[in-house]
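> 3D, please:
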Amino acid sequence: MKQKNDTIFLALSFVVTVGLVGGLWWLAQRSGLFPATLPGTSPAATNGFAKVQNVPSGLFNYGGSTTWAPIRRDVDSVIQSAYPNLQLRYTDPIAGAPGSGAGIRMLLANQLTFSHSSRSLQDQEYQQAQQRGFSLKEIPVAIDGIAIAVNPALNIPGLTVAQLKDIYTSKLVNWSQVGGPNLAITPYSRRKQDAGTIEFFVENVLEEQEFGNTVKFVSTTTDALRKVAVNPGAVYYASAPEVVDQCTTKSVPLGRKANELVPPYQEPMVPPSACPGQRNQLNANAFQSGQYPITRRLFVIVKQNGLIDQQAGEAYANLLLTDQGQELIAKAGFVRIR
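Down below sits the predicted model:
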């Protein structure tokens with residue numbers, strides 16, 4: 001009888017212990033002390049958000065590159081669920097358009113805790129930070145590429161980087177000059193001061209040459225894609241995730257040479273007529289290997305001042321660099337950097 005009572009006592013003790021541990025774990029998750037594995041990622045991905053140390057509490061302003069919009073929408077919301085005390089608030093500039101340059105200027109002016117950039121820091125930005133008594137650090141977290149959008153009715157095999165340069169410097173003005181129909185080329189772009197993507201394009205594709213007189217300027221990518229959709233001769237460039245899966249335009253293969261054209265989408269291409277039931281997917285392998293000719297890195301720009309701003313920026317970048325963060329970045333349409 002005594003043995004039976006002992007068995008019952010041990011069983012009850014085990015049930016009570018499991019209940020207490022489960023209750024404590026539930027409370028810890030509710031308080032944000034131990035983030036749970038979140039929907040949309042593999043089980044804490046061996047290197048998940050929970051591995052990141054020194055995530056501060058507080059309200060932190062961030063902003064910058066418009067290229068980052070899918071990450072802010074799809075990844076940052078998951079970070080917020082895991083760390084509710086790390087309150088991230090997207091902040092637009094008071095005047096002017098948002099973009100990488102605007103975000104860095106706001107960071108230098110102490111209006112942001114950290115910023116997003118689709119280009120590397122410039123020498124003058126490093127110098128301005130030093131004049132203000134701190135330094136800036138760029139932390140790469142993802143790979144992106146520039147994709148070229150044209151009207152779905154335009155029939156061309158693709159473009160070389162040199163042809164793209166000649167189009168935007170107005171040396172090529174008709175699609176017949178690049179194997180297309182006898183149709184005037186109408187190139188669209190945002191202005192250089194509006195975005196890091198444009199600065200990157202001018203530096204790396206135009207090789208610091210000025211835009212030609214045939215280029216028409218728009219304020220946003222949305223506006224540009226609407227114009228491309230109704231103008232048979234139009235062309236526009238933007239971050240690949242903004243272009244590749246569009247239904248009203250199509251992206252074209254790009255190459256360093258005419259016999260090395262690489263599509264920014266996974267083949268076979270999904271025609272616009274099949275969209276939105278099916279959408280083109282990013283050619284991640286070509287972006288990651290460098291086979292696609294125009295790729296770049298996306299950066300978190302962190303203020304190195306030894307204060308909570310630095311702690312928040314570095315913690316945010318570290319979260320994005322975990323397996324869980326990289327998995328979410330890939331789902332947002334960009335390419336893993338690790």
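> Skipping its backbone neighbours, what lies nearest the most centrally placed residue in the chain in space?
By C-alpha atoms, centre = their mean, the chain has its centre lying nearest to W68, at 3.9 Å. Nearest residue to W68, sequence neighbours excluded (C-beta to C-beta, 6 or more residues apart in numbering): H116, at 4.1 Å. All C-beta atoms are positioned from the backbone trio N, CA, C, and that covers glycine.
> Tell me, what's the model's pLDDT at S42?
pLDDT, S42: 43.
> what do you get for the one 3 residues further on?
According to the per-residue confidence, A45 scores 42 in pLDDT.
> Likewise for the one 4 residues further on?
The predicted structure scores F49 at 95 on the pLDDT scale.
> now do the one 3 residues further on
Reading off the per-residue confidence, V52 sits at a pLDDT of 95.
> how about it, what does it touch?
Applying C-beta atoms under 8 Å, 6 or more residues apart in numbering, we find V52 in contact with 315, 318-319, 322.
> gap between it and L88?
Per C-beta to C-beta, to the nearest Å, V52 is found 14 Å from L88.
> do the same with P264
Distance from P264 to L88, by C-beta to C-beta: 30 Å.
> Between these two, point out the one with more neighbours.
The residue with more neighbours, out of P264 and L88, is P264; 25 against 19, by other C-beta atoms under 10 Å.
> which residues does that one contact?
Taking C-beta under 8 Å, 6+ apart, one finds 145, 147-148, 240, 243-244, 251, 253-254, 282-283, 286-287, 292 in contact with P264.
> same check, this time on Y188
215-218, 224, 227-228, 234-236 are the contacts of Y188 under C-beta under 8 Å, 6+ apart.
> in the sheet, who's paired with I143?
R297, V335 (DSSP bridges).
> got a pLDDT number for it?
96.
> list the contacts for it?
Contacts of I143 (C-beta under 8 Å, 6+ apart): 287-288, 295-298, 334-337.
> okay, among those, which ones form the most distant pair?
Farthest apart among the contacts of I143 by C-beta to C-beta are R296 and R336. That separation is 14.6 Å.
> So which of these two has more stuff around it?
Shown here are R296 and R336; by other C-beta under 10 Å, R296 has more neighbours (22 against 17).
> tell me the contacts of the more buried one?
Counted by C-beta under 8 Å, 6+ apart, R296 has contacts 118-119, 143-146, 200, 204.
> Pick out the most distant pair among those.
Considering C-beta to C-beta, no two members of the contacts of R296 lie farther apart than I143 and N204, which are separated by 14.5 Å.
> Distance from the chain centre to stretch 238-248, please.
Taking C-alpha atoms, centre = their mean, to the nearest Å, one finds stretch 238-248 lying 13 Å from the centre of the chain it belongs to.
> What of stretch 303-322?
With C-alpha atoms, centre = their mean, you get 18 Å for stretch 303-322.
> could you give the mean pLDDT of that stretch?
Here the average pLDDT along stretch 303-322 is 97.
> Could you do stretch 165-179 as well?
Stretch 165-179 comes out at a mean pLDDT of 98.
> hey, C-alpha coordinates of that stretch in PDB?
The C-alpha trace of stretch 165-179 is given here as PDB (Å, rounded to 0.1, in the frame of the first residue of the first chain):
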ATOM      1  CA  LYS A 165      23.900  53.100 -69.800                       C
ATOM      2  CA  ASP A 166      23.500  54.500 -73.300                       C
ATOM      3  CA  ILE A 167      19.800  54.600 -73.000                       C
ATOM      4  CA  TYR A 168      19.900  56.700 -69.800                       C
ATOM      5  CA  THR A 169      22.600  59.000 -71.200                       C
ATOM      6  CA  SER A 170      20.400  59.400 -74.400                       C
ATOM      7  CA  LYS A 171      22.900  57.800 -76.800                       C
ATOM      8  CA  LEU A 172      20.400  55.100 -77.700                       C
ATOM      9  CA  VAL A 173      16.900  56.600 -78.400                       C
ATOM     10  CA  ASN A 174      15.100  53.900 -80.400                       C
ATOM     11  CA  TRP A 175      14.400  50.200 -79.400                       C
ATOM     12  CA  SER A 176      15.500  49.200 -83.000                       C
ATOM     13  CA  GLN A 177      19.000  50.000 -81.900                       C
ATOM     14  CA  VAL A 178      19.000  47.100 -79.400                       C
ATOM     15  CA  GLY A 179      17.100  44.500 -81.400                       C
END
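> Give me the domain ranges for this structure.
Domains of the chain are assigned by automatic domain parsing as 49-143+296-336, 145-295.
> gap between the two ends of the last one?
In other words, domain 145-295. 4 Å (C-alpha to C-alpha, to the nearest Å).
> what does the first one give?
Between the opening and closing residues of domain 49-143+296-336 lies a distance of 16 Å (C-alpha to C-alpha).
> same check, this time on stretch 105-123
13 Å.
> just checking, P152 touches V252?
No. If you go by C-beta atoms under 8 Å, P152 and V252 don't touch, sitting 10.9 Å apart.
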